[in-house]
Every structure is written in structure tokens, then in C-alpha cells.
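Participant: Model the structure of this input:
(chains A and B)
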Number of protein chains: 2
Amino acid sequence: MTAAALKPRRTEMHALLARTHLCHGLPESRIEELAAQAAVKTLLKGCVVYSHEEEASWFYLLAQGWVKLFRETLDGDEAVLDILPAGHVFGETALFGNGRYGASAQAVEDAVVLVLPLTALRRLIEEEPRLALNMLDSMAGFRRQQEREIEHRSLQNAPQRIGCFLLRLCDDGGRQTVTLHLPYDKTLIAARLGMKPETFSRALARLREDTGIVVQGATVHIGDVRRLADYTCGACSSTYPCEDKE
Amino acid sequence: MTAAALKPRRTEMHALLARTHLCHGLPESRIEELAAQAAVKTLLKGCVVYSHEEEASWFYLLAQGWVKLFRETLDGDEAVLDILPAGHVFGETALFGNGRYGASAQAVEDAVVLVLPLTALRRLIEEEPRLALNMLDSMAGFRRQQEREIEHRSLQNAPQRIGCFLLRLCDDGGRQTVTLHLPYDKTLIAARLGMKPETFSRALARLREDTGIVVQGATVHIGDVRRLADYTCGACSSTYPCEDKE
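Facilitator: Prediction:
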């Protein structure tokens, strides 16, 4: 990490940790113990938090910003595995398997993270069965999310994949008309969906034509959510609205 | 399940369970406890073990045969998530999340499974911290495997995906010439790799041309493993031989 460490604010770190799924139901004293070992760091846009296959000593809680998880091939291409929003814990699964990070992590805009030692997590898991259950629960959630990803990459076409991405940004209020803002830029959305930018542009144009959505810069107006869902969700094993929105 | 239950053979079940990653390092008495609650069932080819989103009561240990994990879309298409060989435990992650199976499971040839109650697994997890760690370890492994899958579907072309499938069947003896047998039929391999049968045929023809491999029925002769690896692994974040072969 290149960004300078900020002065830790213990109560704030405690509050951030307490809201994570990882710490759900843990005694306050245990959360306090973790918070006492945390450091706050700011990351400038583009800063690499850790690299794929690097030996892992730390895990992270994203307090602000967005972090991209990705892998690079020998040929220099990049596969984006996920774009994490604030509130997510990452790097923690390196505690299992070969002790190395399974992907690289990079801030895609200026970000703030809590840095925590994996040794502290290991000790807590051994002493608090609840924490192991929380992690199992999280990992089962990841597994479902990845299964959906593999399913969609097998069976959805490019316009449907964009449609799915938009539908998952809609709140569950059941409204038929939704205006939403793209959470990050279109190049990154394309990468997140496993598309080249030119494929993304063509697919978005096709989606607009087929479903009547209107895109102006980062604002998307969905005039008929049901029409978009009919177009998209036929090629999915779930129906709209999805149960497993993260 | 439609196949008739066989008379359980307790010592055999104990031995099968003891070899799983799930039970690694557990006291013998705990494995015995699980074995006492297991039933052996034979599954005819095509038999569905459970369906996606079905409420989960059981988990399974595959003793013989192959089981396909898949999801079906509303349009009736099928995405194959995995083809499991004997020795694998499946259905156990339904213990977490919403308590439903995350995919359907089907025997792709005649198979034998041990059927075990999820309630027994839940109790064991609460009482044996080691079991939770084993499960975390397994799930971290699954996560890496799925990340590889997403990476390959993003960046490898169809011949490279087939090349990768073949390389992962080679043993790690470092031999330059390998003759191997495809573990299941080509239609299923195509589905496992997320390809339509006609794409698979074209891609296999291209792979033969580009790397000199010879395919006769279910037998594949790789005359130069290094040549195949050069062709395939440039579009991957790992180098050959892979560390994470399952």
C-alpha cells in the first residue's frame, strides 16, 4: 500500500466492524479486541492492496470506496471477479488453502480500508465458534453468487447480462418505473460483466432498443421494470426480484 | 430419489467418510456417529438427487460414479456448474444461507451415494470446531475453483478451455507425452465447459490442428504436453502444472 496511514479512530473502527456479517452476534469484547488491532489506511485510486498469489498476512474491511478483485493472465489480460462496495470484508479467505491471496485487489477510486491481521482472525475463529459459522455463511453466499455468475456467463447473452446488472441495482419496492445511477464507470461495468468495452457498447445499444430503457451518462431510466425483467430473467434460474442480492 | 436403498454397510461407510476432507482430523467416535446415521443409495443414470431451491434436509457423499451440479433457466436451458467425481461431498452448503440447495444434482451415470442428515452435520459443527475449519477450508477451495472458472470464461477461447480440461487430467509426473481417457462423454464435457456441442466439436478440431493432439473416441494422446500448456496457459493466471487440481 502506498497511501499514508491515518490516525486510527477506535470507536469508529469498532462500529464498522460490528456492522459486518463476519462479526454478527459476536460479544462486544471480541469486536473490541479486533478493533484494537486494526489500522485505518487511505488508498488512492489505482492503489493495489495485494496481489494474486502473494503470501497473505492481512485482511481488510472496506470503509469507503470500491475495490476490484481481479486476476491477470500471463498474456497480460485481466479477469475481473468482483467489484466490492463499502462494508465488505476481503482477503480473509486467504486464511485457508495455501495461505496466499486468491486474486489481486485494487482501489478503483479513492478508498478507506481497515487493515487487520489474519493471525487475529485465526485466533478468534478457534476461540469463537460463532465466527466460524459467520464465515461459513458468508462463503456459502459467495458460492451462490459465483454459481450465478457462471450460470449467466454460460446462458445469458450480453444485453441480458447488462439488464441483470441494472435490475440488481433496482430497489425491491416493486415500482414499475425506476431511475438509477450507475455505481461506477461503464468500462468497469463491462469488465465486471466479462465484456470488452466495444461489446458492452453494442450490447447496451441493443438493450435500449429491445427494452426501451434510456441511458444518459451515468443515469439510467427504466420505464418498465417488468419488461426489462421479462427480457433478462428468462435466461436465468431465478425470477425477478432476486432473493440473493448482495 | 427413485433407486432402491441398499443395506447399509457400516464399516464401509465409516471408511468412506474418514477419507473425506470434511472429516479430516475428526475423532473416530465422531465419524462413527455420522456413519451410524448414513444410508447407502444407488442412483440410476439420470436420477435427480435434489433440485435447485428445494428445501434441504440431506447432504451426500458420492461413493461411486459421477454427479452433475447444474441450474436450469426459465427458458429451459441448463448451466452445468460442476461434474463431481467419487469422494466428493455435496449438498452440505445448503446448511447455510436460506436452507435450500443452490443447484440441482443428477447422477450422470449409475452411482452410489451415502445420504446423511444435515441436522447431524449442524450438531457436529457446533460441537467440533475442527469440522467448521475443514468446511471453511473446502469452501475456500471451491471459491478458488469458481474464480478460475470465471477467469477462464472471461479470457480463454474455446480451444484453450478444452486444452485446460485435458491438462488438468494429466498427472504431475512431468512426462512430455501423455495418453489419457476422457472421464465422461464429450457432450457432458462441452456442457461442463459452458459450450454448445457444435462449438465444442469445432474447438476440439482447432485444438488438434494447433497443438498436434490426437483424439480417438475417448482416448486423447498428447504428444507434447509443453506445447499444449504453452497454447493454453498464456490465457490463465496460473502456470502449468496447476497447484489447485481438485
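Participant: Extract the C-alpha trace of stretch A:51-66 and format it as PDB.
Facilitator: Extracted in PDB, the C-alpha atoms of stretch A:51-66 (Å, rounded to 0.1, in the frame of the first residue of the first chain):
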ATOM      1  CA  SER A  51      -1.600  -9.200  -5.500                       C
ATOM      2  CA  HIS A  52      -2.800 -12.700  -6.600                       C
ATOM      3  CA  GLU A  53      -0.700 -15.500  -5.000                       C
ATOM      4  CA  GLU A  54       1.100 -13.000  -2.600                       C
ATOM      5  CA  GLU A  55       1.600 -14.500   0.800                       C
ATOM      6  CA  ALA A  56      -1.200 -13.300   3.000                       C
ATOM      7  CA  SER A  57      -0.800 -11.500   6.400                       C
ATOM      8  CA  TRP A  58      -3.700  -9.100   6.400                       C
ATOM      9  CA  PHE A  59      -7.400  -8.900   5.700                       C
ATOM     10  CA  TYR A  60      -9.400  -5.800   5.000                       C
ATOM     11  CA  LEU A  61     -12.700  -4.100   5.700                       C
ATOM     12  CA  LEU A  62     -13.700  -1.600   3.000                       C
ATOM     13  CA  ALA A  63     -15.000   1.500   4.800                       C
ATOM     14  CA  GLN A  64     -15.300   3.800   1.800                       C
ATOM     15  CA  GLY A  65     -15.000   3.500  -2.000                       C
ATOM     16  CA  TRP A  66     -14.900   0.500  -4.300                       C
END
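Participant: so where's chain A uncertain?
Facilitator: A:1-8, A:172, A:245-246 (pLDDT under 70).
Participant: Check it for its longest helix and report it.
Facilitator: helix A:129-155 (DSSP state H).
Participant: Indicate whether the following helix or strand past it makes contact with chain B.
Facilitator: Remark: after helix A:129-155, the chain's next helix or strand is helix A:158-167, criterion DSSP states H and E. No. Residues of helix A:158-167 contacting chain B under Cβ under 8 Å from any Cβ of the partner chain: none, with a closest distance of 10.2 Å. All C-beta spots, glycine's among them, are computed from the backbone N, C-alpha and C.
Participant: Report the buried residues of stretch A:184-199.
Facilitator: Neighbour counts over stretch A:184-199 (16 or more other Cβ atoms under 10 Å in any protein chain shown) mark A:184, A:186, A:188-195 as buried.
Participant: A:Q106 and chain B: what is the separation?
Facilitator: A:Q106 sits 15 Å away from chain B, taking Cβ to the nearest Cβ, to the nearest Å as the criterion.
Participant: That residue against A:V49, yeah?
Facilitator: Yes. Judged on Cβ atoms under 8 Å, A:Q106 makes contact with A:V49 at a distance of 6.5 Å.
Participant: higher neighbour count, those two?
Facilitator: When A:Q106 and A:V49 are compared on other Cβ atoms under 10 Å in any protein chain shown, the one with more neighbours turns out to be A:V49, at 24 against 21.
Participant: any idea whether A:V49 is helix, strand or coil?
Facilitator: State at A:V49, reduced to three classes by DSSP: H, G, I helix; E, B strand; the rest coil: strand.
Participant: what residues are up against the closest residue in space to it that isn't next to it in sequence?
Facilitator: Nearest residue to A:V49, sequence neighbours excluded (Cβ to Cβ, 6 or more residues apart in numbering or on different chains): A:A105, at 4.1 Å. A:A105 is in contact with A:48-50, A:60, A:67-69, A:90-91, counting by Cβ atoms under 8 Å, 6 or more residues apart in numbering or on different chains.
Participant: thought A:G212 was touching A:H221?
Facilitator: No. With contacts counted by Cβ under 8 Å, A:G212 stays clear of A:H221, the gap being 9.4 Å.
Participant: number of nearby residues for the residue nearest to A:P159 when sequence neighbours are not counted?
Facilitator: What sits nearest to A:P159 in space, not counting adjacent residues and going by Cβ to Cβ, 6+ apart, is A:L207, at 4.1 Å. By other Cβ under 10 Å, 23 other residues sit near A:L207.
Participant: Just confirm A:L207 is within a helix.
Facilitator: Yes. According to three-state DSSP, A:L207 belongs to a helix.
Participant: Surely it is in contact with A:N157?
Facilitator: No. If you go by Cβ under 8 Å, A:L207 and A:N157 don't touch, sitting 9.9 Å apart.
Participant: Now do the helices in chain A.
Facilitator: Assigned helices in chain A, in chain order: A:10-18, A:28-36, A:118-127, A:129-155, A:158-167, A:186-192, A:197-211, A:225-233 (criterion: DSSP H).
Participant: Distance of the residue nearest in space to the middle of chain A relative to chain B?
Facilitator: Central residue check for chain A by Cα atoms, centre = their mean: the C-alpha nearest the mean position is that of A:L84, 2.4 Å away. Distance from A:L84 to chain B, counting by Cβ to the nearest Cβ: 14 Å.
Participant: same question, A:D75
Facilitator: Remark: distance between A:D75 and chain B (Cβ to the nearest Cβ) = 5 Å.
Participant: can you pull the contacts of that residue?
Facilitator: Listed by Cβ under 8 Å, 6+ apart, the contact set of A:D75 reads B:234-235.
Participant: What's the separation between the residue lying farthest from the centre of chain A and A:V215?
Facilitator: The C-alpha centroid of chain A is most remote from A:E209, which lies 29.2 Å away (Cα atoms, centre = their mean). In this view, A:E209 and A:V215 are 12 Å apart by Cβ to Cβ, to the nearest Å.
Participant: what's the answer for A:D224, then?
Facilitator: Distance from A:D224 to A:V215, by Cβ to Cβ: 15 Å.
Participant: same thing with A:L124?
Facilitator: A:L124 is 45 Å from A:V215, where distance means Cβ to Cβ.
Participant: Same question for A:H52.
Facilitator: As judged by Cβ to Cβ, A:H52 and A:V215 stand 33 Å apart.
Participant: can you list contacts of stretch A:107-115?
Facilitator: Here stretch A:107-115 makes contact (Cβ under 8 Å, 6+ apart) with A:1, A:6, A:13, A:16-17, A:38-47, A:49, A:58, A:60-68, A:83, A:184, A:188.
Participant: May I have the distance across that stretch, first residue to last?
Facilitator: One end of stretch A:107-115 to the other measures 14 Å (Cα to Cα, to the nearest Å).
Participant: can you give me the offset of stretch A:16-36 from its chain's centre?
Facilitator: How far stretch A:16-36 lies from its chain's middle: 21 Å, per Cα atoms, centre = their mean, to the nearest Å.
Participant: Could you work out the end-to-end span of it for me?
Facilitator: End-to-end distance for stretch A:16-36, by Cα to Cα: 13 Å.
Participant: buried sites along that stretch?
Facilitator: For stretch A:16-36, the neighbour count (16+ other Cβ under 10 Å) marks A:16-17, A:20, A:22-23, A:26, A:30-32, A:34-35 as buried.
Participant: Nice, that's everything, thank you.
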